[in-house]
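Asker: how does the following fold in three dimensions:
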Amino acid sequence: MSLLGGLRNCLAFLTIIPVGMDNDGVLQAAKYMPLFPVIGAAIGFLAGALVWALDPILPSLVVGMLGLGFILLITGVHHTDGLLDFGDGVMFHGSPEEKLRVMRDPQTGAGGLSIGLVVLLGTAFSIAELSPIIVVQSLTASETAAKFSMVFQAWAGKSAHEGLNTPFINAMHGKRGHIRLATAFILFIAVLTTALQITVALSVIFSVLITAAATLLIAHRHFGGITGDVLGATNDLSRLVSLLAVLVMINWA
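Answerer: Here you go, the predicted model:
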């Protein structure tokens with residue numbers, strides 16, 4: 001399959017944009033997982049443009065909520081569903097097998113609700129605090145970082161069970177795993193250093209790597225590995241941490 005075909009399958013997997021997915025689209029998306037940061041950059045740019053356009057006419061908190069709402073809409077709330085399941089699994093007291101069973105439960109418990117509220121409200125408030133001068137760049141960077149965090153985690157982790165996560169983890173291991181990670185990292189660095197000042201970009205890079213590694217350790221401790229829900233949770237957590245890193249560096253400067 002061509003690079004454009006792989007990019008299309010990644011776009012179809014990560015968003016609700018009707019570009020069409022091949023019959024083996026998930027496997028192709030896994031193979032071209034290094035392109036995830038490119039999809040993230042596009043999503044972030046569109047969200048940033050919306051926030052920039054709405055900022056002069058609506059209160060900042062409303063704009064922040066709408067900006068986050070746009071991201072959730074275009075991604076089909078796919079990763080946020082994983083965040084809620086991750087919260088339920090971590091908070092449940094039991095064996096890894098029991099925790100995995102809780103994560104697959106369609107009902108959301110107190111753990112998922114709590115982490116969901118904190119992460120989503122924190123993200124919306126962070127967007128609201130961004131100046132219109134840097135909001136497009138910041139959201140472009142944060143979504144790029146969120147997507148790279150999943151690539152990194154798939155490379156560094158092992159699968160807790162057979163599921164949607166398995167093709168991606170398999171693709172990021174083996175002979176080509178390191179090459180795919182390096183490709184994703186180069187794209188990640190290119191977007192961040194283009195969008196942000198170098199000191200801010202470095203703070204985002206460091207923060208996202210720490211977040212992905214910490215979530216990975218938590219997942220291995222509680223579930224014996226990572227799942228699709230863990231990858232989704234890492235995406236949303238990394239988005240929030242990226243925005244917080246930008247705000248900290250701006251306020252510090």
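
Asker: check contacts around residue 163.
Answerer: 227-228 (CB atoms under 8 Å, 6 or more residues apart in numbering). C-beta here means a position set from N, CA and C on the backbone, and glycine is covered the same way.

Asker: next one: it from residue 102, what distance?
Answerer: 15 Å (CB to CB, to the nearest Å).

Asker: and for residue 150?
Answerer: According to CB to CB, residue 150 and residue 102 sit 22 Å apart.

Asker: who's more crowded, the two?
Answerer: residue 150 (29 against 20; other CB atoms under 10 Å).

Asker: you'd agree the more buried one is up against residue 235?
Answerer: Yes. Here residue 150 reaches residue 235: they are 5.5 Å apart, a contact under CB atoms under 8 Å.

Asker: for stretch 23-37, buried residues please.
Answerer: 25-37 (16 or more other CB atoms under 10 Å).

Asker: wait, which of those residues is closest to residue 197?
Answerer: Distance to residue 197, by CB to CB, is smallest for residue 37 among these, at 19.0 Å.

Asker: and that closest one, how close does it get to residue 243?
Answerer: Relative to residue 243, and taking CB to CB, residue 37 is found at 16 Å.

Asker: hang on, residue 162 in a strand?
Answerer: No. Secondary structure assignment places residue 162 outside any strand; it is coil (DSSP: H, G, I helix; E, B strand; the rest coil).

Asker: ok, it to residue 138 distance?
Answerer: 38 Å.

Asker: neighbour count for the two, which is higher?
Answerer: Using other CB under 10 Å, the more surrounded residue of residue 162 and residue 138 is residue 138, with 28 against 7.

Asker: need the contact list for that one.
Answerer: Counted by CB under 8 Å, 6+ apart, residue 138 has contacts 48, 130, 195-196, 243, 246.

Asker: with residue 108 instead?
Answerer: By CB under 8 Å, 6+ apart, the residues touching residue 108 are 84-85, 88, 116.

Asker: which member of the residues you listed is positioned nearest residue 176?
Answerer: Looking across those and measuring by CB to CB, the closest to residue 176 is residue 85, at 29.6 Å.

Asker: packing partners of whichever helix or strand that closest one is part of?
Answerer: Per DSSP states H and E: residue 85 is located in helix 78-91. Using 3 or more CB pairs under 8 Å, 6 or more residues apart in numbering; DSSP states H and E, the elements in contact with helix 78-91 are helix 96-104, helix 110-129, helix 198-223, helix 228-252.
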